[in-house]
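1. Need coordinates for the following:
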Amino acid sequence: MSLLDWFRLATPGLVWGTSFYFIAEGLESFPAALITPMRVGFGFATLSLFPSARRVRIDRHDMRRVLLLGVIWMAIPLSIFPFAEERVSSSVTGMLNGATPLFIAVVAAFLARRLPPKQQIIGVTVGFAGVLLIALASGGGGNDSWFGIGLIFIALVLYGFSLNLAVPLQQKYGSLPVLWRAQGIALVLIAPFAIPSLDDIHFAWGPFFAMIGLGVLGTALAFVVMANNAGRLGSTRASVSVYLVPVISLLLGALVRHESVAGLAIVGAGIAVLGAYLTNRARRQPVVAAS
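-> All right, here's what the predicted structure looks like:
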């Protein structure tokens, strides 16, 4: 790959690594139910500035898949993370998100209806052992933190399905038209749930600007680049960008927000990333490059 390809590959991970920090900052002023409508709203508005997002017509049959993407890639998982971060730190959330490639690989094998190669099975096993270490080390806050970790797992499973679903749509129509419509659908679905929380806002400019960054960068830029990478490189190779998420989120959480992180969780994050790397190396065989 060229230098530009490597930059494109790294961009989503670098941006999403900051997203959990932005969410934590936003929760200082805005209720969890309002975080996702704000980020999706800013993201949708950003994508609306590009005429190419609106010019391409998507077939009715494929619009059903775009609708599904709006639900399982945008509305549900993006709504889950603010509620999860009320219970676990942004560092832990980011470290667990480093396991996204594992879920994508497992879902890809499931959609292909055949077992993955032996090396990939080893990689997935190693990766999930790391995820288990992160969960065990971070669940010390009682039932509340375990519930938050469970919410993150649900979001990661949905990510596994959504990125595999996004690949053929991106290859056919491009990133902007698909993401613009998916985010519009998600915004319509989640906005009504935020209305009861409007009275709980304690406005401050810092958290508000964090929401702008979360929407423009984490919801518009990163999603478009990731969808484009998945279409060009395949869903599993594109997902290696997520390796950067634990590193960035851990640094921001520890150095900026002064979050305490268990040493065992950091070890688990390293093992999870190693497992994801091994899994991706094994994905040279065409189990599901774009299904």
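
2. which ones are touching residue 177?
-> By C-beta atoms under 8 Å, 6 or more residues apart in numbering, residue 177 lies in contact with 52, 53, 54, 55, 56, 58. For the C-beta atoms, the positions are set from N, CA and C on the backbone; glycine is no exception.

3. And the next helix or strand past whatever helix or strand the second one lives in?
-> Using DSSP states H and E, the secondary-structure element containing residue 53 is helix 52-55. Next along the chain after helix 52-55, taking DSSP H and E as the criterion, comes helix 60-69.

4. Which strands or helices does the helix holding residue 53 pack on?
-> Here helix 52-55 touches helix 175-194, going by 3 or more C-beta pairs under 8 Å, 6 or more residues apart in numbering; DSSP states H and E.

5. Try it again at 10 Å.
-> Judged by 3 or more C-beta pairs under 10 Å, 6 or more residues apart in numbering; DSSP states H and E, the packing partners of helix 52-55 are helix 32-48, helix 175-194.

6. okay, and the helix or strand of this structure with the least pLDDT?
-> helix 235-238 (a mean of 68; mean pLDDT, DSSP states H and E).

7. what mean pLDDT would you report for the helix or strand that that helix is followed by?
-> Once the chain leaves helix 235-238, the next helix or strand it forms, by DSSP H and E, is helix 244-251. For helix 244-251, the mean per-residue pLDDT is 87.

8. Now find how far off-centre helix 244-251 is within its chain.
-> On the basis of C-alpha atoms, centre = their mean, to the nearest Å, helix 244-251 is displaced by 13 Å from the centre of the chain it belongs to.

9. ok, and for that helix, which residues are buried?
-> By neighbour count on 16 or more other C-beta atoms under 10 Å, the buried set for helix 244-251 is 244, 245, 246, 247, 248, 249, 250.

10. wait, which of the residues you listed is closest to residue 114?
-> residue 245 (29.0 Å; C-beta to C-beta).

11. from the contacts of residue 177, which single one is nearest residue 42?
-> Among the contacts of residue 177, and counting by C-beta to C-beta, the member closest to residue 42 is residue 53, at 14.9 Å.

12. quick one: contacts for the closest one?
-> 44, 46-47, 174-181, 183-184, 224 (C-beta atoms under 10 Å, 6 or more residues apart in numbering).

13. Go again with 7 Å.
-> 47, 176, 177, 180 (C-beta atoms under 7 Å, 6 or more residues apart in numbering).

14. From residue 21, how far out is the last one?
-> Pointing back at residue 180 there. 26 Å (C-beta to C-beta, to the nearest Å).

15. Please apply the same query to the second one.
-> As for residue 176, its distance to residue 21 is 26 Å (criterion: C-beta to C-beta).

16. Repeat that for residue 174.
-> Counting by C-beta to C-beta, the gap from residue 174 to residue 21 is 30 Å.

17. Redo the helices and strands packed on helix 52-55 as JSON lines? Include distance to residue 111 and mean pLDDT.
-> Supplementary listing: the helices and strands packed on helix 52-55 in JSON lines, determined by distance: least, C-beta to C-beta, whole Å; pLDDT from 0 to 100:
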{"stretch": "helix 32-48", "distance to residue 111": "26", "mean pLDDT": "95"}
{"stretch": "helix 175-194", "distance to residue 111": "18", "mean pLDDT": "94"}
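
18. And residue 174 and residue 21? Which one has more around it.
-> residue 21 (25 against 18; other C-beta atoms under 10 Å).

19. And for the residue lying closest to the more buried one once chain neighbours are set aside, the neighbour number?
-> Residue nearest to residue 21 in three dimensions, not counting chain neighbours: residue 252, with 4.1 Å by C-beta to C-beta, 6 or more residues apart in numbering. Close neighbours of residue 252, defined as other C-beta under 10 Å, add up to 22.
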